[in-house]
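Asker: sequence and predicted structure below; questions after.
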Amino acid sequence: MSRLYAFCLIICGIATGVTSCNSSSETLDYEVPSSALVKSFTLSEDEKVLDNLDKVFFSIDLANGKIFNADSMPYGTKVNKLVPIITTGGASAVELVVPRPGKSDTTYNYLTNSTDSIDFSNGAVTLKIQSIDQTVTMSYAINVNVHKIKSDSLAWGDMAYETLPTTLDNVTEQHSLKFKDKVYCLTTDGNNFCMMSSSSLMDKVWSNENITFGFAADVPTFRASSDAMYILDADGNMYKSDDNGATWSSTGQKYDYLIGGYDDMMIGTVREDGGWKITYSDGTAIDAPAEFPVTGTSVPVEYGFPMSASRQMTIVGGRMASGELSADAWGFDGNSWARLTNRGLPEGLEGVTVTPYYTFEENQYWVATQESIFVLIGGRNAAGKCNSTTYISYNYGMTWKKAPALMQLPSDVPVLYGAQTILFSSMLGSRASTAITSWECPYIYIFGGKTSNGQFNKNVWRGVINRLMFKPLQ
């Protein structure tokens with residue numbers, strides 16, 4: 001609720017009586033004297049409790065008798081000794097009734113002791129305001145909300161979300177991707193193949209696609225465009241499936257490395273005549289720039305860019321034709337490639353995962369604004385050591401910086417290279433017409449990958465910014 005809306009609600013309540021939040025025609029049978037209404041509620045400044053405590057905004061719901069801060073204060077904020085500042089229309093009595101578990105409530109006379117500290121830690125404090133003529137008393141339940149968990153923590157849990165979905169006993173390679181609102185996990189034990197699909201990762205429901213290639217498929221090269229799946233065989237020949245992997249046909253093209261799909265086109269690289277070319281499934285090709293990563297890139301992130309009419313695709317890291325590792329991001333707009341990075345990663349990496357995600361910025365009033373970011377996890381450096389630092393970019397890969405401590409991987413989650421991260425939203429709760437009881441919560445899932453010593457990750461890990469699981473404000 002904005003300040004303007006709260007102020008208008010107060011004025012309407014004073015002028016016409018208390019009005020229902022959902023109907024402008026439903027009113028009480030009597031006019032409430034303005035002296036019995038609360039006009040404003042804030043907290044006194046106290047830097048020992050919280051910076052800008054006096055700027056925390058409280059909504060006043062006259063119709064339902066509630067006062068609350070819709071944007072909860074940070075985890076760990078102490079609310080047992082707060083001094084409220086209450087403005088009325090000239091009430092004859094103002095009391096605060098404070099609950100005390102296992103004891104009788106304590107009542108404070110605000111008019112005579114306006115600087116008393118109040119304990120809001122045991123639930124709602126009741127504010128009673130009596131009109132100047134002592135004929136009407138209004139009651140308000142005051143709740144000072146504090147996050148019960150670290151809201152901006154990227155939480156992964158202390159154990160794997162599930163094991164890698166497969167019917168094979170000894171998986172040696174895998175690649176997972178999202179295609180047409182489903183997640184596909186392709187695995188091999190070196191001889192046999194299994195592809196499982198799911199449209200409900202939250203419920204861990206997987207279906208066996210009974211895949212038969214008929215050729216020696218190179219599982220790590222499994223990719224998808226907007227309309228088809230692609231994979232290379234052991235000799236670099238590219239195959240395509242238009243029916244979700246049920247049947248595969250040769251495209252007649254060869255690649256050394258598949259980058260990924262852009263719209264309905266597949267893009268890869270080919271070593272040719274001592275150099276490298278960026279090759280497209282429509283048969284066109286261009287010379288790869290000297291600093292372009294020709295292998296080992298992240299799986300592409302495709303997105304709408306506010307400053308461009310066409311969709312953008314970004315890849316990060318990888319190995320250049322010189323053999324050196326890249327610390328940069330490269331972008332493709334459907335026509336040409338460009339190096340995006342102004343300030344790259346601290347070191348070159350290959351096999352990183354990049355996920356479009358969100359973070360939250362809080363202003364001086366402790367109101368949080370959601371920001372779109374890229375999150376980079378894992379990869380390995382030139383020495384073969386896995387990167388343990390999570391990086392973020394606020395500008396589509398142009399600059400990178402170390403993510404806040406709350407977004408770093410916990411010790412329970414293995415540091416990997418060559419994994420895939422898939423963003424998949426799940427519904428929480430159930431949605432009604434007049435109140436939000438459900439919302440989409442985007443989770444990050446990590447599939448596969450290997451540790452620095454080559455150990456294969458057989459688990460699926462799931463992470464989420466805690467704040468995204470909170471019920472949206474209404």
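Answerer: Perfect, I can see it now.
Asker: quick one: strands adjacent to the particular helix or strand that has Trp206 in it?
Answerer: Secondary-structure assignment from DSSP states H and E places Trp206 in strand 205-208. Take DSSP bridges as the rule and strand 205-208 pairs in its sheet with strand 193-200 (antiparallel).
Asker: so which bits of the partner strand are buried?
Answerer: Buried residues in strand 193-200, counted by 16 or more other C-beta atoms under 10 Å: Phe193, Cys194, Met195, Met196, Ser197, Ser198. All C-beta atoms are positioned from the backbone trio N, CA, C, and that covers glycine.
Asker: dig out what the first one forms beta bridges with.
Answerer: In this structure, Phe193 has beta-bridge partners Thr188, where bridges are defined by DSSP bridges.
Asker: roughly how far does it sit from Ser176?
Answerer: For Phe193, the distance to Ser176 equals 14 Å [C-beta to C-beta, to the nearest Å].
Asker: now do the shared contacts for these two.
Answerer: Counting by C-beta atoms under 8 Å, 6 or more residues apart in numbering, the common neighbours of Phe193 and Ser176 are Leu186.
Asker: distance between stretch 446-464 and the chain's centre?
Answerer: Distance, stretch centre to chain centre, for stretch 446-464: 20 Å (C-alpha atoms, centre = their mean, to the nearest Å).
Asker: buried set for that stretch?
Answerer: Buried, per 16+ other C-beta under 10 Å, within stretch 446-464: 446-450, 452, 456-457, 459-464.
Asker: now the end-to-end length of that stretch.
Answerer: Length of stretch 446-464, first residue to last, C-alpha to C-alpha, to the nearest Å: 12 Å.
Asker: contact partners of stretch 221-238?
Answerer: Residues from elsewhere that reach stretch 221-238, judged by C-beta under 8 Å, 6+ apart: 175, 177-179, 184, 186, 213, 215-219, 239-242, 244-245, 248, 250-251, 253-266, 268, 281.
Asker: swap in stretch 279-292?
Answerer: Contact with stretch 279-292 is made by 225, 230, 238, 251, 253, 255, 265-270, 275-278, 294, 320-322, 326, 328, 330, 337, 339, as judged by C-beta under 8 Å, 6+ apart.
Asker: all helices of the stretch 1-150 of the chain, in order?
Answerer: Ranges of helices in the stretch 1-150 of the chain, per DSSP state H, counting those that start in this stretch, are 3-16.
Asker: what segments of it are strands?
Answerer: 38-43, 59-61, 66-68, 84-88, 93-98, 106-109, 125-130, 137-143 (DSSP state E, counting those that start in this stretch).
Asker: out of those, deepest packed?
Answerer: For these, average neighbour numbers computed from mean count of other C-beta atoms under 10 Å are highest in strand 125-130, which has a mean of 20.
Asker: helices or strands up against that one?
Answerer: Applying 3 or more C-beta pairs under 8 Å, 6 or more residues apart in numbering; DSSP states H and E, one finds that strand 125-130 contacts strand 93-98, strand 137-143.
Asker: hey, C-alpha coordinates of the last one in CSV?
Answerer: When you say that, I think you mean strand 137-143. The C-alpha coordinates for strand 137-143 follow below in CSV (Å, rounded to 0.1, in the frame of the first residue of the first chain):
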residue,chain,number,x,y,z
THR,A,137,-13.8,3.9,21.3
MET,A,138,-12.0,2.4,18.3
SER,A,139,-9.5,-0.5,18.6
TYR,A,140,-6.6,-1.3,16.3
ALA,A,141,-4.4,-4.4,16.2
ILE,A,142,-0.8,-3.3,15.7
ASN,A,143,1.6,-5.8,14.2
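Asker: I'd like the average pLDDT over that strand.
Answerer: Per-residue pLDDT over strand 137-143 has a mean of 97.
Asker: which other residues reach stretch 93-107?
Answerer: By C-beta under 8 Å, 6+ apart, stretch 93-107 touches 84, 86, 88, 108-111, 118-119, 122-130, 134, 137, 142.
Asker: that one - what's its average pLDDT?
Answerer: On average, the pLDDT along stretch 93-107 is 97.
Asker: next one: stretch 260-276
Answerer: Mean pLDDT, stretch 260-276: 96.
Asker: just the residues contacting that stretch, thanks.
Answerer: By C-beta under 8 Å, 6+ apart, the surrounding residues in contact with stretch 260-276 are 223-228, 230, 238, 240, 254-259, 277-282, 285, 287-288, 292, 294-295, 299-300, 302, 311, 313, 315, 321, 332, 334.
Asker: how about 7 Å then?
Answerer: With C-beta atoms under 7 Å, 6 or more residues apart in numbering as the test, stretch 260-276 has contacts from 223-227, 230, 254-259, 277-282, 287-288, 294-295, 299-300, 302, 313, 321, 332, 334.
Asker: ok, now which ones touch the residue in the chain sticking out farthest from the centre?
Answerer: Here the chain reaches farthest from its C-alpha mean at Asp133, the gap being 53.1 Å by C-alpha atoms, centre = their mean. Listed by C-beta under 7 Å, 6+ apart, the contact set of Asp133 reads Pro33.
Asker: look up phi and psi at it.
Answerer: Backbone geometry at Asp133, expressed as degrees, to the nearest 10, gives phi -90, psi 10.
Asker: mind checking pLDDT for it?
Answerer: Looking at Asp133, its pLDDT is 93.
Asker: now the helices: where do they sit in the stretch 151-300 of the chain?
Answerer: In the stretch 151-300 of the chain, no helices are defined using DSSP H, counting those that start in this stretch.
Asker: is Leu177 in contact with Met195, as I believe?
Answerer: No. Under the criterion of C-beta atoms under 7 Å, Leu177 makes no contact with Met195, lying 10.7 Å away.
Asker: now the common contact residues for those two.
Answerer: In contact with both Leu177 and Met195: Tyr184, using C-beta under 7 Å, 6+ apart.
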